[in-house]
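Peer 1: sequence and predicted structure below; questions after.
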Amino acid sequence: MTIIMNKINLKSLSREGIYRFIESLNLPRYRGDQLIRWLYKKGAASIDEITEFSKELRNSLNDVAYISNLALVKQVKSSDNTKKFLFALQDFQKIESVLIPDEDRLTLCISSQVGCAMGCLFCRTARCGLVRNLKSYEIVDQIFSVNRIIKPAKVTNIVLMGMGEPLANFDEVVDALWRITEFFCISKRKITLSTAGIVPKILLLHRKVPEINLAVSLNATTDEVRNEIMPVNKRYPIRSIIDACKKYPLQPGRKITFEYVMIDRKNDFPEDAYRLVKLLSGIRCKVNLIPLNPYPGSELKKTTDEKVLAFQKILLQHKLRAFIRESRGQDISAACGQLRAENKI
Ligand code: SAH
């Protein structure tokens, strides 16, 4: 539980924690149900917004508790309708969330850490290192805040693909996932967690939060190249990731997504495509080919369109489902961590 100036942050409490808190104030249990409804269904940003409570009750709650919120620092809209939000946390650290509208979906890409310790060569967030883990309510608050901004529309899908490595902040992320499914009623089918490949945590994930979609940022087909662009590979090499993916239980019709950021003359050779086919054989999966979105100062370049198409063709010829995903929102620095970096935090 988070306590600031002796006040309890109501959003830091679990469902049971809310009932215990209500009990500690000698209030009846149904007040707990009301509180949960206002916090999570109605998205109350302050105790004063809970108009179902009398002024008196709100005052006494205000004496001992508060509701935390993210502060919107900046909002940018891209020409492809992607919206990027920069939020400040209570300790003034900043995180990014990206809203990606598609035909019938509003997908929010959320952050799990301030910064990241993975050190991937192509990723802007990696450049600042890990500042700290997010608390589960800070992860969930990104959805709250965006829902408030886009009202009456609502986020329908979640991808844990923003700043940070979600499996390196395992407990808080697991807690956040439960809150998202329980309180926001976003089903697990509509949540995807993307990892750089922390193998023991991939194996644990389905036990803690069954049925959520798994995406793995593979990005290379040999340990030599992957070690260079994703240092986490030295600890958990490609074979161990593939083995963990083979053990990941999939619901009927579901697939594991492999992300493959295409970097000029690093991982975009035809041999890579053939190796990828071999590596992924026996896994129900799809591959998202993402041309690198280079950040200023980086020496890496994106693969040309022709080469991306040729790479995709090889995968398709071998019956691998492969899609080309242009990174959205390039004109608003949507590549990982760029907005935060631009604001020099
Ligand atoms: N740590 C997690 C989630 C954050 S990165 C993970 O590694 O999956 C989310 C995705 O963005 C990853 O697939 C990563 O490979 C990709 N990515 C990072 N920087 C990028 C860039 N500059 N251009 C294109 N994709 C990038």
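Peer 2: Structure's in. What do you need?

Peer 1: around the ligand, pick out the residues from the stretch 101-250 of the chain.
Peer 2: Contact residues, the stretch 101-250 of the chain versus the ligand (Cβ under 6 Å from any ligand atom): 118, 122-123, 161, 165, 194-196, 217, 219. To be clear about C-beta, it is placed using only N, CA and C from the backbone, and glycine gets the same treatment.

Peer 1: try 8 Å this time
Peer 2: Contact residues (Cβ under 8 Å from any ligand atom) of the stretch 101-250 of the chain with the ligand: 112, 116, 118, 120, 122-126, 160-166, 168, 194-197, 215-217, 219, 230.

Peer 1: of those, which belong to helices?
Peer 2: Assigned to helices by DSSP state H, none of those qualify.

Peer 1: burial measure for Leu89, as a count.
Peer 2: A count of nearby residues for Leu89, using other Cβ atoms under 10 Å, gives 18.

Peer 1: how much space separates it from Val232?
Peer 2: As judged by Cβ to Cβ, to the nearest Å, Leu89 and Val232 stand 25 Å apart.

Peer 1: ok, now Lys55?
Peer 2: 53 Å.

Peer 1: with Arg239 instead?
Peer 2: In terms of Cβ to Cβ, Arg239 sits 14 Å off from Val232.

Peer 1: have a look at those two and say which one is more surrounded.
Peer 2: More crowded of Arg239 and Val232, by other Cβ under 10 Å: Val232, with 22 against 11.

Peer 1: quick one, what contacts that one?
Peer 2: Val232 is in contact with 118-120, 165, 196-198, counting by Cβ atoms under 8 Å, 6 or more residues apart in numbering.

Peer 1: swap in Phe258?
Peer 2: Contacts of Phe258 by Cβ under 8 Å, 6+ apart are 215-216, 218, 276, 280, 285-288.

Peer 1: helix, strand or coil for it?
Peer 2: When classified by DSSP: H, G, I helix; E, B strand; the rest coil, Phe258 comes out as strand.

Peer 1: what's the spacing between it and Glu182?
Peer 2: Phe258 is 29 Å from Glu182, by Cβ to Cβ.

Peer 1: what's the answer for Tyr295, then?
Peer 2: Separation of Tyr295 from Glu182 (Cβ to Cβ): 37 Å.

Peer 1: just Asp171 next, same as before
Peer 2: Asp171 is 16 Å from Glu182, by Cβ to Cβ.

Peer 1: between these two, who's got more neighbours?
Peer 2: Using other Cβ under 10 Å as the criterion, Asp171 and Glu182 rank with Glu182 on top: 13 against 10.

Peer 1: roughly how far apart are the closest residue to that one other than its chain neighbours and the ligand?
Peer 2: Residue nearest to Glu182 in three dimensions, not counting chain neighbours: Arg15, with 7.2 Å by Cβ to Cβ, 6 or more residues apart in numbering. From Arg15 across to the ligand, the span is 28 Å (Cβ to the nearest ligand atom, to the nearest Å).
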